[in-house]
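A.B. asks: Show me how the following folds:
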Amino acid sequence: MYNPTSAIYTYTSKSGLQLQLRVQGRDLTIPAPFKPYFFAKERYSKAVEYYANRKKITVSIVSTDLKTLAGEPVVKVEVEQPHQVATLRDAMPFETFEADVPYVRRVMIDLGWKVPTSYTKLYYDIECKDEKIVCIAVGGLTGSVEVLTGDEKSILSEFTNFIEQADMLIGYNSNNYDYPVLKKRFQANKLKLPPLQRWYDLLPALQDSSQRMLPSWSLEWVGKNLLGMERVHTDKPFSQLSLREIYERCQRDVEITRELDKKFSLSDVDIMKAHISYIFPDEVELITRCIDSLLLKKARELGIVLPNKPTSNNVQKHSGAFVAQPPEPLKIFYNVLYLDCVSLYPNIIINFRISPDIGRRLYPEMLSMLMSERKKYKQLYRETGKLKYYTLQYAYKILANATYGAVNSVGFRIQRVDLGDEVARRGREIVTSLYKFYAELGFNVIYADTDSVVLSNITADVDTFSMLADAGSRHIKDKFGVDIQVEAKKFYSKLYFMRRANDESAAKKKYAGFLLWTSDEGWFDTPTLDVAGIEIVRSDFPPAAQKLQKQLIEGFLGGKTLVELQNILLSYKQALFKGLFSPDELAWSRSITRKNYQVAAPHVKAAEKLREAGYTVNIGDKIRFVYTRWGPMPVELCKELTVDVKHYWDLFERIAERTLGITGEVKLDRFFTS
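C.D. replies: Take a look at the predicted model:
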């Protein structure tokens with residue numbers, strides 16, 4: 001068995017189908033372990049041969065003991081080259097199975113090959129001028145960062161030597177810029193890029209780990225705010241930098257990229273997800289790819305073949321979770337306890353055996369494996385303190401929690417909206433039953449959402465929290481006959497719900513409170529503001545608006561009078577009209593997601609102005625812009641411009657009205673309650 005850090009296939013008429021592997025730092029070439037294949041229903045065997053002859057593809061039809069999800073027998077259709085699988089699949093008017101699994105992934109799954117749990121990493125960054133690479137900075141996990149300079153061809157040749165020593169090349173936003181440019185420049189210089197390294201981008205991993213909630217994804221913002229490390233020579237456009245300044249900036253970018261990865265273990269977590277899922281670390285950006293591979297593996301163990309992925313996105317959506325209506329908007333509730341059903345949807349799938357196969361084993365057994373392995377590595381981490389075990393259990397947790405969303409997503413290979421409906425229905429029944437159970441015991445149940453029930457007026461005592469959670473677990477066992485645990489997750493001294501826009505009722509999923517205790521961190525020394533569903537946690541909102549909202553919430557929960565709260569709002573109006581806010585404080589953030597836009601949105605207009613001024617803007621970059629009297633302007637270019645005060649005052653008023661029901665007028669909203 002091999003545990004390759006990378007693998008590709010090659011085919012020549014002389015050598016036939018071969019695999020090139022990278023194993024323990026060495027490159028190997030081996031004969032392909034089996035022919036590329038897919039499945040078709042047994043009754044279509046003759047039809048497969050007919051269409052293969054029409055396409056002049058040599059096939060072998062092999063009998064199997066495998067069956068479809070519906071229990072119909074299938075045959076294995078073997079071909080000579082991987083691309084012939086898709087050619088034949090697309091030529092046939094009847095259903096085929098697993099005819100879209102890449103050959104290398106097929107080998108990994110079938111033979112149980114897994115990537116190792118560690119890679120030799122090389123961090124890199126490139127800088128270009130006049131469409132040519134002028135330097136490449138490289139650095140390992142430790143030590144200094146080296147900058148490769150000279151003419152472009154010599155830079156690339158020297159970089160090749162570094163590449164060949166590594167298993168994984170790690171950049172920041174490199175999928176959108178560095179790697180495509182490298183491929184293009186290697187080709188232009190008639191050089192060959194080594195084929196067996198994985199090219200990994202930290203940006204998608206950071207976005208996933210932070211739920212896409214940072215106000216900017218630029219390396220400058222991330223380095224400064226997450227690491228306390230500043231980029232260099234960012235005070236002027238790139239076109240005005242000297243070569244020495246470009247080299248220093250390139251070197252610093254690699255230092256920041258490396259520290260970002262080390263601090264948040266981004267690539268390590270993705271390596272572990274890849275290790276579990278029979279794929280490579282740069283492929284786990286799509287979590288559905290991980291779940292797909294795991295299900296293909298489990299299906300084969302159960303004697304099942306799975307359908308191809310749908311070619312159309314025209315699929316039905318399943319019903320949603322239960323979310324109770326909060327009782328009142330803008331009313332403070334005291335001593336609030338959040339009770340959570342642990343891994344509710346995975347446990348529903350396991351306990352109620354919800355699965356698309358006749359034996360109802362596929363989903364439950366795969367999820368049971370993930371949760372069992374997570375439990376094992378979590379215990380090993382407690383016993384040894386080894387980071388490897390923590391990272392593994394965290395990767396298993398991510399995969400288990402992602403399974404329900406993955407199997408119900410558009411484009412997943414098993415489209416069964418009825419199963420998603422059943423899981424959601426069971427979840428609604430359990431949470432609704434818990435809601436009624438606690439209410440009948442005399443507790444003030446103020447809210448319920450998906451997998452949580454929220455009680456107020458609870459004694460601030462961990463033993464009380466545990467008693468209430470245990471009672472909920474017993475209720476689920478007695479009522480539904482399944483073991484789904486309830487645990488206390490969070491405790492607030494005060495909490496309130498926002499008001500819906502243009503409505504008198506409380507908004508679901510939008511609340512703020514002073515957090516005193518969590519199951520992960522225990523009791524806090526001082527109350528900590530915790531919010532959900534509002535602008536404070538949105539990555540695109542201007543910091544000044546978020547700061548205003550935070551001050552209003554803290555003031556309200558802290559007991560300020562209505563007049564004092566309105567004065568906070570009016571102080572922001574005064575500061576705005578006096579020009580006291582910096583462009584950074586008023587900046588909106590939006591990502592550039594493609595090269596061409598049919599409609600020039602504000603951030604697209606701002607990006608164009610940056611390019612005109614000599615700045616580099618790539619796909620994936622977040623553009624921070626300010627509304628001015630002359631339209632949207634990037635932060636970098638609007639130091640002396642007059643902001644559009646009407647736009648921002650309207651924004652501040654909307655924030656205050658939604659948060660507390662107050663406006664900039666002297667009167668106070670009638671929905672506001674102290």
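
A.B. asks: can you give me the helices in the stretch 1-150 of the chain?
C.D. replies: Using DSSP state H, counting those that start in this stretch, the helices of the stretch 1-150 of the chain run over 45-54, 83-91, 103-111.

A.B. asks: cool, the stretch 401-550 of the chain as well?
C.D. replies: 417-440, 462-480, 543-557.

A.B. asks: From the contact counts, what lies against the longest one?
C.D. replies: Packing contacts for helix 417-440, counted by 3 or more CB pairs under 8 Å, 6 or more residues apart in numbering; DSSP states H and E, involve strand 333-341, helix 344-351, helix 387-407, strand 444-449, strand 452-456, helix 462-480. (Glycine included, C-beta is placed from N, CA and C.)

A.B. asks: Sort out which residues of the third one are buried, please.
C.D. replies: Counting neighbours by 16 or more other CB atoms under 10 Å, one finds that the buried residues in helix 387-407 are 389-404, 406-407.

A.B. asks: Tell me where the model's unsure across the protein.
C.D. replies: Applying pLDDT under 70 to the chain flags the ranges 210-213, 215, 313-322, 537, 664-674.

A.B. asks: Report the residue ranges of every domain in this protein.
C.D. replies: For the chain, automatic domain parsing gives the domain ranges 1-32, 37-100, 121-270, 333-356+414-532, 543-660.

A.B. asks: Any chance of a markdown table for the ones you listed, columns mean neighbour count?
C.D. replies: Formatted as a markdown table, the domains of the chain follow (neighbours: other CB atoms under 10 Å):
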| stretch | mean neighbour count |
| --- | --- |
| domain 1-32 | 15 |
| domain 37-100 | 17 |
| domain 121-270 | 18 |
| domain 333-356+414-532 | 18 |
| domain 543-660 | 17 |
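
A.B. asks: Take those and lay them out in a markdown table including distance to K298.
C.D. replies: Conversion of the domains of the chain to a markdown table gives the following (distance: least, CB to CB, whole Å):
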| stretch | distance to K298 |
| --- | --- |
| domain 1-32 | 19 |
| domain 37-100 | 13 |
| domain 121-270 | 22 |
| domain 333-356+414-532 | 10 |
| domain 543-660 | 34 |
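
A.B. asks: closest to Y363 out of those domains?
C.D. replies: Closest to Y363 of the domains of the chain, according to CB to CB: domain 333-356+414-532, at 4.2 Å.

A.B. asks: sorry, back to before: so which of the helices of the stretch 1-150 of the chain gets nearest I155?
C.D. replies: helix 103-111 (30.7 Å).

A.B. asks: tell me what the closest one is packed against?
C.D. replies: strand 6-12, helix 287-301.

A.B. asks: which residues touch V486?
C.D. replies: By CB atoms under 8 Å, 6 or more residues apart in numbering, V486 lies in contact with L339, D340, C341, V342, L434, A469, D470, G472, S473, I476.

A.B. asks: which among those gets closest to D520?
C.D. replies: Among the contacts of V486, D340 lies closest to D520 (CB to CB), at 11.6 Å.

A.B. asks: Verify the contact between the closest one and D449 for me.
C.D. replies: No - at 9.9 Å, D340 does not count as touching D449 under the criterion of CB atoms under 8 Å.

A.B. asks: distance between the ends of stretch 496-506?
C.D. replies: End-to-end distance for stretch 496-506, by CA to CA, to the nearest Å: 9 Å.

A.B. asks: now it, how far from the centre of its chain.
C.D. replies: Put simply, stretch 496-506 sits 30 Å off its chain's centre (CA atoms, centre = their mean, to the nearest Å).

A.B. asks: what's the answer for stretch 144-151, then?
C.D. replies: On the basis of CA atoms, centre = their mean, stretch 144-151 sits 33 Å off its chain's mean C-alpha point.

A.B. asks: Next: stretch 33-45.
C.D. replies: Chain-centre distance of stretch 33-45: 35 Å, with CA atoms, centre = their mean.

A.B. asks: what's the span of that stretch from first residue to last?
C.D. replies: Start to finish, the residues bounding stretch 33-45 are 24 Å apart (CA to CA).

A.B. asks: What of stretch 498-517?
C.D. replies: Its first and final residues considered, stretch 498-517 spans 22 Å by CA to CA.

A.B. asks: My guess is L182 contacts D125. True?
C.D. replies: No - the pair L182 / D125 is not scored as a contact, 10.9 Å apart, by CB under 8 Å.

A.B. asks: Tell me where the stretch 551-674 of the chain has strands.
C.D. replies: Here the stretch 551-674 of the chain has its strands, by DSSP state E, counting those that start in this stretch, at 588-591, 622-628, 631-634.

A.B. asks: who wins for proximity to I246 among those?
C.D. replies: Nearest of the strands of the stretch 551-674 of the chain to I246, taken as CB to CB: strand 631-634 at 21.2 Å.

A.B. asks: Now do the SS call for the most centrally placed residue in the chain.
C.D. replies: Closest to where the C-alpha atoms of the chain average out (CA atoms, centre = their mean) is D208, at 2.9 Å. With DSSP: H, G, I helix; E, B strand; the rest coil as the basis, D208 sits in helix.

A.B. asks: Next up, the contacts around it.
C.D. replies: Contacts for D208 (CB under 8 Å, 6+ apart) come out as E285.

A.B. asks: quick one: it from L495, how far?
C.D. replies: For D208, the distance to L495 equals 28 Å [CB to CB, to the nearest Å].

A.B. asks: same deal with I458?
C.D. replies: I458 sits 12 Å away from L495, going by CB to CB.

A.B. asks: Look up which residues are beta-bridged to G631.
C.D. replies: Counting by DSSP bridges, G631 is bridged to T628.

A.B. asks: I figured it was touching V604, is that so?
C.D. replies: No - counting by CB under 8 Å, G631 sits too far from V604 to count as a contact (11.7 Å).

A.B. asks: quick one: K622 from S218, how far?
C.D. replies: Distance of K622 to S218, given as CB to CB: 6 Å.

A.B. asks: One more: S589?
C.D. replies: Note on S589: its distance to S218, by CB to CB, is 9 Å.

A.B. asks: and what of L399?
C.D. replies: Taking CB to CB, one finds L399 at 30 Å from S218.

A.B. asks: Ok, N502 next?
C.D. replies: Noted for N502: a distance of 36 Å to S218, by CB to CB.

A.B. asks: Over to F443?
C.D. replies: Taking CB to CB, one finds F443 at 47 Å from S218.

A.B. asks: gap between the two ends of stretch 258-272?
C.D. replies: Its first and final residues considered, stretch 258-272 spans 18 Å by CA to CA.

A.B. asks: and R249, what element?
C.D. replies: helix 243-264 (DSSP states H and E).

A.B. asks: Please name every helix or strand in contact with that helix.
C.D. replies: Contact here means 3+ CB pairs under 8 Å, 6+ apart; on that basis helix 243-264 packs against strand 121-129, strand 132-139, strand 146-148, strand 168-171, helix 202-209, helix 219-222.

A.B. asks: C-alpha coordinates for the fourth one, CSV please?
C.D. replies: Taking C-alpha atoms only, strand 168-171 is exported to CSV below (Å, rounded to 0.1, in the frame of the first residue of the first chain):
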residue,chain,number,x,y,z
MET,A,168,3.2,21.1,-0.9
LEU,A,169,3.6,24.7,-2.1
ILE,A,170,1.6,27.1,0.0
GLY,A,171,0.6,30.6,-1.1
